[in-house]
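> The sequence isn't on hand, but the structure is:
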């Protein structure tokens, strides 16, 4: 019994001595004498005052301002402005173009349409999973880490993050996915350019 009690008492003394206000050095006028108040002062100087801690913490960035959306856009290949599947997202509302300068392009094949960005770089990234939609910063990070030219097929529910030619961040969610060259419905959100 004594073999267990001695280590247990040692642990208990160590725990009590390490607590604020515990131990002989923290007792004013105790066996440590005047040095105890100096030791207490040094310990409190090790921690910054609460106001310094609050000012040093980074405040969260304000949410990005929405430039367009979220709104549904119908991309109809039978309409001459959408016939090539090229979409400009730096306009409110986004529009189809037959010329250069698009942010993404839809390829209608015999199956499900596919999304790509074959003209301006790896600025397209599928958003994985079934969870909530990403915000502007999450979408931008997804493009930064996983940007590609080819987003792949566009089944209903698929989401894609895009960095536009002007530097905006966009989210495209497929709400109706056709088979063949029939209208494709997208819910599009475009966030404004980052401030700074």
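Looks like it came in fine. All figures in this text were calculated on a predicted structure; none of them were measured in a lab.

> Now residue 183: closest residue in space, sequence neighbours ignored.
Counting by C-beta to C-beta, 6 or more residues apart in numbering, residue 76 is the residue found nearest to residue 183 once chain neighbours are left out, at 4.3 Å. In short, each C-beta sits where N, CA and C put it, glycine included.

> Check which helices and strands the longest strand seen in the chain is in contact with.
In the chain, assigned by DSSP state E, the strand with the most residues is strand 66-75. On a contact count with 3 or more C-beta pairs under 8 Å, 6 or more residues apart in numbering; DSSP states H and E, strand 66-75 meets strand 184-191.

> which residues touch the strand it packs on?
Applying C-beta atoms under 8 Å, 6 or more residues apart in numbering, the contact partners of strand 184-191 are 64-76, 89-90, 92, 94, 106, 113, 133, 136, 139, 154, 164, 168-178.

> Which of those are buried? Put it as a ChimeraX command.
In ChimeraX, a selection of the buried entries from the contacts of strand 184-191 looks like this (16 or more other C-beta atoms under 10 Å):
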select :64,67,68,69,73,75,76,89,90,94,106,113,136,139,154,164,168,169,170,171,172,173,174,177,178
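
> ok, residue 72 - contacts?
175, 185, 186, 187, 188.
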